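Asks: any chance you can model this:
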Amino acid sequence: MNHHAAENFIVNELRRGLSPTLYYHGLHHTLDVAEVALELATAEGLTDPEALALLRTAALYHDAGFLQAYQGHEAQGCALARATLPGFGYTSDHIEQICALIMATQYPQEPQSHLAEILCDADLDYLGRDDFEPISTSLFHELTARQLIAGEHAWFQLQANFLTGHRFWTRTTIARRAAPKQARLDHILALLANWPASGPAA
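Replies: Numbers count the residues shown, from 1 in each chain. Just a heads-up that it's a prediction; the model follows:
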């Protein structure tokens, strides 16, 4: 398994092929998820080199389906993994593990393993981070560019619903991110409650 070559391949594909209007789901997001996933794995006590390599590969492929489609990108990412990873020495078992990790990031998340919990938490780590606002704004612009959101009020409603339904999985992320995420939700709910008075200027 030449995971370094596989990682270089997919990063180059993403750099070349992703739409410039993927303001949120761009290469920067994929690299952030890969970095956070390995950091989380270390904090969670994961040391097996093969498991770490599979996790990193899955992180770098988890949004590669955006090269092909916006809706259903997870399945497209799995198809790309199955088509390309054998060329880098990944076995069918490796690839199925990677595809299971990719599919676990589909919302609503339903991770079935510790590795999947780590990747799911890495994917949405920003929900409890200080850079939540600029990152969430980039998603708003991405959805607006695709006419998938009606405006600011609909956006805040979507965020409130998403944050209410979302949960973190690993002990590490719950300890680090759950309280700040709840504070974001409380702020958004307050914005919505006062929307007629505050209006779009909020």
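
Asks: every contact and neighbour count from this point should use C-alpha atoms.
Replies: OK.

Asks: mind listing the helices for the protein?
Replies: Secondary structure of the chain (DSSP state H): helices located at 3-17, 27-43, 49-61, 73-84, 92-104, 114-123, 132-145, 152-165, 171-193, 195-198.

Asks: select, out of those helices, the one closest to residue 67.
Replies: helix 3-17 (6.1 Å; CA to CA).

Asks: list the buried residues of that closest one.
Replies: The neighbour-count criterion (16 or more other CA atoms under 10 Å) identifies 3, 6-7, 10-11, 14 as the buried residues of helix 3-17.

Asks: now swap in stretch 73-88 and tell me
Replies: 73-78, 80-82, 84-86.

Asks: and which of the residues you listed is nearest residue 51?
Replies: Closest approach between the buried residues of stretch 73-88 and residue 51, by CA to CA: residue 85, at 15.7 Å.

Asks: quick one, what contacts that closest one?
Replies: When the contact criterion is CA atoms under 8 Å, 6 or more residues apart in numbering, the partners of residue 85 are 6, 95.

Asks: could I get the contacting residues of the residue nearest the centre of the chain?
Replies: Among the residues of the chain, residue 123 comes closest to the average C-alpha position under CA atoms, centre = their mean, at 2.9 Å. Contact partners of residue 123, counting by CA under 8 Å, 6+ apart, are 33, 105.

Asks: ok, now residue 177?
Replies: Under the criterion of CA under 8 Å, 6+ apart, the contact list for residue 177 reads 125, 127-129.

Asks: of these - the most surrounded one?
Replies: Neighbours were tallied for each of the contacts of residue 177 (criterion: other CA atoms under 10 Å), and the maximum of 23 neighbours falls on residue 127.

Asks: gap between it and residue 12?
Replies: Counting by CA to CA, to the nearest Å, the gap between residue 127 and residue 12 amounts to 27 Å.

Asks: what distance do you get for the residue nearest to residue 95 when sequence neighbours are not counted to residue 58?
Replies: Sequence neighbours aside, residue 82 is the residue nearest to residue 95 in space, at 6.4 Å (criterion: CA to CA, 6 or more residues apart in numbering). Taking CA to CA as the measure, residue 82 and residue 58 are separated by 12 Å.

Asks: mind listing the shared neighbours of the two?
Replies: Overlap between the contact sets of residue 82 and residue 58, as judged by CA under 8 Å, 6+ apart, is nil.

Asks: which regions of this structure sit below the pLDDT cut-off?
Replies: Of all residues in the chain, those with pLDDT under 70 make up the ranges 197-202.

Asks: how about 50 then?
Replies: Under the criterion pLDDT under 50, the flagged ranges of the chain are 198, 202.

Asks: dump the residue contacts of residue 62.
Replies: Listed by CA under 8 Å, 6+ apart, the contact partners of residue 62 are 30, 74, 77, 101-103, 105.

Asks: tell me the one of those nearest residue 24?
Replies: Closest to residue 24 out of the contacts of residue 62 is residue 30 (9.7 Å), distances taken as CA to CA.
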